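Chemist: only the shape, not the letters, is given here:
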């Protein structure tokens, strides 16, 4: 049965791989819908196919482009992908439609598969308890994946300058559709609605063979609410994950999440597969085990995070190359890629408590994380001081994972050498040129 599922998933990927963009999804995905999504086995294969789409460059590109745009990295040796070089130097960003196009394409393929599954699920007969449970789980995963895609798209395409995010599609694409871009607030609402629907459907899914669980969903809700500045809800969801007992901090083992194993700190992990492009690309960019490491930490970013050299994350996860500082998070070519980790939940809860005026509670969480990395407890003078210390801890913890870029955007801080008023419209992806040409209703982000 497992082999059949993998074959079905591979067939669906083949069907989907011929699509050039979400405005040209016919007839391939309509065929896959008619053939594959009329029974539980087909739905299962469809979900496998959707995970496979995003477990390609979708993960790696988010990490590396975010670090390049933030200027937290510098080029050590020639980058094999010239797009990263241009992103790193912020050169002619408006012409890099192929960068945004690939991320857009993968995201909307996954959204369309999710929409097909959500539409097909009610038509699957549930003739026993197992089938009914499978239906709920698979529908929940489809909502989770759709919410995850809109969260990622909103991060990179939403432009505060014009208030626009991306088109929202909640049904399978039809060739006569010419969707408008939704507002940023509408897209945020869609993300939350999808993730909360996934939560309601996946209440009992504690483990799922490397795919989403109830804790993956709640971890994403914590991240989403936090980024959307709803600190009360962010604290509630981070607390649910932390207090679940399913995960545990590994004191003194700061590299445990970045391996071929699944650390007790990992909440949602992209499992390694043969010829895994995402893990391999991260290895090629960052690892000193690669003969020509391509990216190191920039001098400014290294100086920013290297404030406490006895911090195990500084001491064990970095090496001075002479001309730069290497990060060791991606030294294993076939590693599993952690996407949600328990330390992030502590950081979310700590900052949310501080924002909600529970300063002592925020300090407890901060000091728990300091204990994990071999540092002594600290104290605070006032709310601003505590928030700054949590911010620093987050910056160190999430280094080279593509999260700090979006944290600076949340806080409307200078990014990549630009003050916020410039960064807010310069450091976003542009709608792929082909999409603009095919859909008269799409408004391009402002060119600078």
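Modeler: Looks like it arrived, so ask away. Nothing here was measured: the structure is a model prediction, and the numbers come from that model.
Chemist: poorly predicted segments of this structure, please.
Modeler: Residues of the chain meeting the criterion pLDDT under 70: 1-36, 81-82, 86, 89-99, 274-276, 447-448.
Chemist: stretch 257-264: which residues count as buried?
Modeler: By neighbour count with 16 or more other CB atoms under 10 Å, stretch 257-264 contains the buried residues 257-259, 263. Just so you know, the C-beta spots here come from the backbone N, C-alpha and C atoms, and that holds for glycine as well.
Chemist: likewise for stretch 305-315?
Modeler: 305, 308, 311-314.
Chemist: same question, stretch 111-125
Modeler: Residues of stretch 111-125 classed as buried by neighbour count (16+ other CB under 10 Å): 111-118, 120-121, 124.
Chemist: same question, stretch 436-448
Modeler: For stretch 436-448, the neighbour count (16+ other CB under 10 Å) marks 439, 442, 444-445 as buried.
Chemist: go through the buried residues of stretch 305-315 and name the one nearest residue 372.
Modeler: Among the buried residues of stretch 305-315, residue 312 lies closest to residue 372 (CB to CB), at 8.2 Å.
Chemist: now for residue 137, how many residues are close by?
Modeler: 22 (other CB atoms under 10 Å).
Chemist: who touches it in this structure?
Modeler: Contacts here follow CB atoms under 8 Å, 6 or more residues apart in numbering; on that basis residue 137 touches 201-202, 205, 208.
Chemist: repeat that for residue 280.
Modeler: 333-334.
Chemist: secondary structure class for it?
Modeler: Under DSSP: H, G, I helix; E, B strand; the rest coil, residue 280 falls in the helix class.
Chemist: quick check: the gap between it and residue 122.
Modeler: To residue 122, residue 280 is 40 Å away according to CB to CB, to the nearest Å.
Chemist: same check on residue 244?
Modeler: According to CB to CB, residue 244 and residue 122 sit 31 Å apart.
Chemist: check residue 267 too.
Modeler: In terms of CB to CB, residue 267 sits 30 Å off from residue 122.
Chemist: cool, residue 167 as well?
Modeler: Separation of residue 167 from residue 122 (CB to CB) stands at 25 Å.
Chemist: out of the buried residues of stretch 111-125, which sit inside helices?
Modeler: Among the buried residues of stretch 111-125, DSSP state H puts 111-118, 120 in helices.
Chemist: widest-spaced pair of the residues you listed?
Modeler: That would be 111 and 120, which, of these, are the farthest apart (CB to CB) at 14.8 Å.
Chemist: how many residues are close by the closest residue in space to residue 51 that isn't next to it in sequence?
Modeler: Leaving aside its chain neighbours, residue 51 sits nearest to residue 211 (6.2 Å; criterion: CB to CB, 6 or more residues apart in numbering). Other residues near residue 211 come to 21 when the count uses other CB under 10 Å.
Chemist: same deal with residue 41?
Modeler: A total of 14 residues lie near residue 41 under the criterion other CB under 10 Å.
Chemist: where's it, which helix or strand?
Modeler: Using DSSP states H and E, the element containing residue 41 is helix 40-53.
Chemist: buried sites along that helix?
Modeler: Buried residues in helix 40-53, defined by neighbour count with 16+ other CB under 10 Å: 40, 42-53.
Chemist: what's the farthest-apart pair in those residues?
Modeler: Across the buried residues of helix 40-53, the longest distance by CB to CB is 20.6 Å; it joins 40 and 53.
Chemist: what's near enough to touch the residue nearest to residue 51?
Modeler: Applying CB under 8 Å, 6+ apart, we find residue 211 in contact with 47, 51, 141.
Chemist: is the closest residue in space to residue 194 that isn't next to it in sequence in a helix, a strand, or coil?
Modeler: Excluding the flanking residues, the one nearest residue 194 by CB to CB, 6+ apart is residue 147, at 3.2 Å. Three-state assignment for residue 147 (three-state DSSP): helix.
Chemist: rewinding a little: next SSE downstream of the helix holding residue 41?
Modeler: helix 59-70.
Chemist: please state the offset of the helix or strand just after that following helix from the chain centre?
Modeler: Heading C-terminal from helix 59-70, the first helix or strand you meet, by DSSP H and E, is strand 73-75. Distance of strand 73-75 from the chain centroid (CA atoms, centre = their mean, to the nearest Å) equals 21 Å.
Chemist: within the helices and strands, which one has the residue of the chain positioned farthest from its centre?
Modeler: In the chain, the residue that sits farthest from the middle, by CA atoms, centre = their mean, is residue 127; the gap is 36.5 Å. When secondary structure is defined by DSSP H and E, residue 127 falls outside every helix and strand.
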